[in-house]
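Chemist: Here is a sequence with its predicted model. Questions after.
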Amino acid sequence: MPKLKTNKSVRARFKVTKSGILLRRRVGQDHFRGLKSGKVRRRLRKYARVSKAEAKTLKRYLPYR
């Protein structure tokens, strides 16, 4: 059986923790940040969890996580 390929776009956008939880960046960080309050910008720096349903699908693209 051939080796499975890792999907590079998924690998770049998501982090897998040791316990297997997928984390993603929050949207709205790349531009127009000056219009947002400091409180909002601080909140956007934190990673968000991916839902269980989406994580199940995305983990198929990361066979060697």
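Modeler: Ah, there it is.
Chemist: What residues does Ile43 make contact with?
Modeler: One correction, residue 43 is Arg, not Ile. Arg26 (Cβ atoms under 8 Å, 6 or more residues apart in numbering). C-beta here means a position set from N, CA and C on the backbone, and glycine is covered the same way.
Chemist: pLDDT score assigned to the residue nearest the centre of the chain?
Modeler: Taking Cα atoms, centre = their mean, the centroid of the chain lies closest to Arg24, which sits 2.1 Å from it. According to the prediction, Arg24 has pLDDT 98.
Chemist: Likewise for Arg33?
Modeler: The predicted local confidence for Arg33 is 89.
Chemist: What of Arg13?
Modeler: Note on Arg13: pLDDT of 97.
Chemist: List the residues that contact the closest residue to it other than its chain neighbours.
Modeler: Counting by Cβ to Cβ, 6 or more residues apart in numbering, Arg13 lies nearest to Arg24, which is 6.4 Å off, once chain neighbours are set aside. Arg24 makes contact with Arg13, Phe14, Lys15, Tyr47, Ala48, Arg49, Val50, according to Cβ under 8 Å, 6+ apart.
Chemist: buried set for stretch 51-65?
Modeler: For stretch 51-65, a neighbour-count test (16 or more other Cβ atoms under 10 Å) marks Ala55, Leu58, Lys59, Tyr61 as buried.
Chemist: This completes my enquiry, with thanks.
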